[in-house]
Each structure stands twice: as C-alpha cells, then as structure tokens.
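Q: Please find the sequence and the predicted model below.
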Amino acid sequence: MTVTPTDRVGLSFRRSLPSYTREASPQKRIARLLVKRLLRVCPEWRFNCAFEFGCGTGNLTLPLAQELELGRLFLNDLVADVAHDLPVRPTQFIAGPVETVPWPATPDLIASASALQWVEDPAALIHRLAELLQPKGWMAISTFGPDQFKELVALGSDAGAPGYMTDADLSVAMAETLDVRDSGMLTCRLWFDDPRDVLRHLRETGVNGRAKGGWTRRDLERFCSDYVERFAIDGRVPLTYQPVWAIATRA
Ligand SMILES: C[S@@+](CC[C@H](N)C(=O)[O-])C[C@H]1O[C@@H](n2cnc3c(N)ncnc32)[C@H](O)[C@@H]1O
C-alpha cells in the first residue's frame, strides 16, 4: 500500500499526541490570539453552527467554546484518535482530510488554527469554505508564513509544510467572497540549548511529518554543528515561528 504525504503527516501528529499539549505552547498562544482578535471585530457571540478543521487536541476549540455560544459544533481532524480526548464535546467529529470529508451544510462560523499549512492548495480550500459560509457568518483562520522554521529551510531540511502563506495571501483568498476585517503576521523565536532539542520539539509537536528521515549519525552531527555555526547566539539556538491570521465575514 502506498503511504501518501498526508498519511505521513497524520502518523506524525498521532505519535505526538501524548506530548503535543505540553510542547505546543506557540500553537496554544496563537489559538488564543486568534480568538482575541475575532472578539475584537465580530459583534456576534452566538453561532448556530460552528465548523473547526484541524482541531488537534483542542487548543482553539476550548477558547472558542469558552468565549462564544456555539449551538452545534462540528470538529474535524486528519487524526481520528484526537476525538477521544477533546476538551469540548462536539455535535459531530469528522475524521479525515478536510479537503475531502463531508462538511456541515450551513456553518455560520468556520475556524482553524495552525492547520491550514498542511493543505496542498490552501487558497482553493479557503475559496470553497468561504462559499459555504452563511450570510453574516464569520471565518477566523490562522496558519504560518514563509519564514516558518527558516533555520531548518536554510540547512536544507524538508520538514516544512506544503502550504505556507503570508497574511496578504490569506486575505486575498478570503476576499473573493468575504469582507476581511482583520489580518496580521508575527515573527517570533523559540530558544533551545541544543539543535537536538529543536528536533525533539518538532517530533513532540508532530510537525515533522513530511521529513524524509533516514539520517545517519554523521548527518545528525553535521546538522547540529551547522545549526550552531549559523544561528547560535550566546550558546543558544533559535527556531522561528511565523503565525499568520485573517478574520472575515460574509455580507
Ligand atoms: C499543529 S496541529 C494544530 C492543532 C490545533 N488546531 C492547535 O491549534 O493546536 C495541526 C493539526 O492539523 C491536522 N491536519 C493536518 N492536515 C490536515 C488535513 N488535511 N485535514 C484535517 N486536519 C489536518 C493534524 O492532524 C493536526 O492535528
């Protein structure tokens, strides 16, 4: 049986489930930021039908459910196992790739954090979802920009996701059907004592699903010494995160 890139991404996130919540502090902060920005621009607090894709362990689901009244809640993730331990019980959990699973018919809130970058053609997905959104409905999405993990890219790693976009790209994708009310992009860095800790962080957050692997001990040593030589400051090494978000409504 052929293992597709999407299968490998799913496997990698499934393996990271025991450590994801502890290790994914950037994703947790990004999800809370997205909800905070949504509350600033959106006058609605009650939604009849919310649809969140790539929900993972619920970093976005929880603040959405705490801050808003959600009538019916449809959650999706590539990894079926996340359904066993969600912080909020959904009306329905839909397992599989968001691009091909059945969607709820009439969502008035479509949300997602830190998942869109795994989709091969994120703009096409946003167009389709925007068409589905009900009049006066809201869409709040975060993903990552082209400088995400730029240290790894500079060192020739293939661990990145296929669909990074800038805030302008995301806004343009939404603006075909929706009015964009807020968007932005931040660049921040996590610091580690050793490049091996960077690799551990990637593994424990499951974001290395596309990496081909198969490194020899020598490859690992070279990667670590190059990382230190090019990026270390005061004995520590950075890993860049570049969260991007856009929030839009349908007239
Ligand atoms: C970095 S995690 C983010 C999870 C959560 N939204 C958060 O903010 O912490 C990315 C999630 O997207 C899911 N995912 C990746 N590709 C997907 C796809 N094509 N369809 C649905 N979910 C997908 C992964 O299984 C993983 O749970």
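A: Done, it's in. Just so we're clear, the structure is a prediction, and the values are computed from it rather than from any experiment. Numbering: from 1, shown residues only.

Q: what does the protein have sitting close to the ligand?
A: 9-10, 13, 24, 27, 31, 53-56, 59-60, 76-79, 97-99, 113-115, 118-119 (CB under 6 Å from any ligand atom). For the C-beta atoms, the positions are set from N, CA and C on the backbone; glycine is no exception.

Q: among these, which ones are buried?
A: 9-10, 13, 24, 27, 31, 53-56, 59-60, 76-79, 97-98, 113-115, 118-119 (16 or more other CB atoms under 10 Å).

Q: Next one: residue 156 from residue 146, what distance?
A: Counting by CB to CB, to the nearest Å, the gap between residue 156 and residue 146 amounts to 16 Å.

Q: Residue 51 is in contact with residue 76, isn't it?
A: Yes: at 7.4 Å, residue 51 and residue 76 qualify as touching, with contact defined as CB atoms under 8 Å.

Q: which residues of the stretch 101-250 of the chain fall in strands?
A: 109-112, 138-144, 179-185, 188-192, 237-241, 243-249 (DSSP state E, counting those that start in this stretch).

Q: Mind putting those strands into CSV with mean pLDDT and mean neighbour count?
A: Output for the strands of the stretch 101-250 of the chain, formatted as CSV (pLDDT from 0 to 100; neighbours: other CB atoms under 10 Å):
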stretch, mean pLDDT, mean neighbour count
strand 109-112, 98, 26
strand 138-144, 98, 27
strand 179-185, 98, 17
strand 188-192, 97, 15
strand 237-241, 97, 20
strand 243-249, 98, 25
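
Q: what would those strands look like in TSV with distance to residue 163?
A: What follows is these, written out as TSV (distance: least, CB to CB, whole Å):
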stretch	distance to residue 163
strand 109-112	12
strand 138-144	7
strand 179-185	15
strand 188-192	20
strand 237-241	16
strand 243-249	11
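
Q: Can you report how many residues neighbour residue 164?
A: Burial of residue 164 is recorded as 20 neighbouring residues (other CB atoms under 10 Å).

Q: Excluding chain neighbours, what is closest to it?
A: Distances taken as CB to CB, 6 or more residues apart in numbering place residue 146 nearest to residue 164, at 4.9 Å, with adjacent residues excluded.
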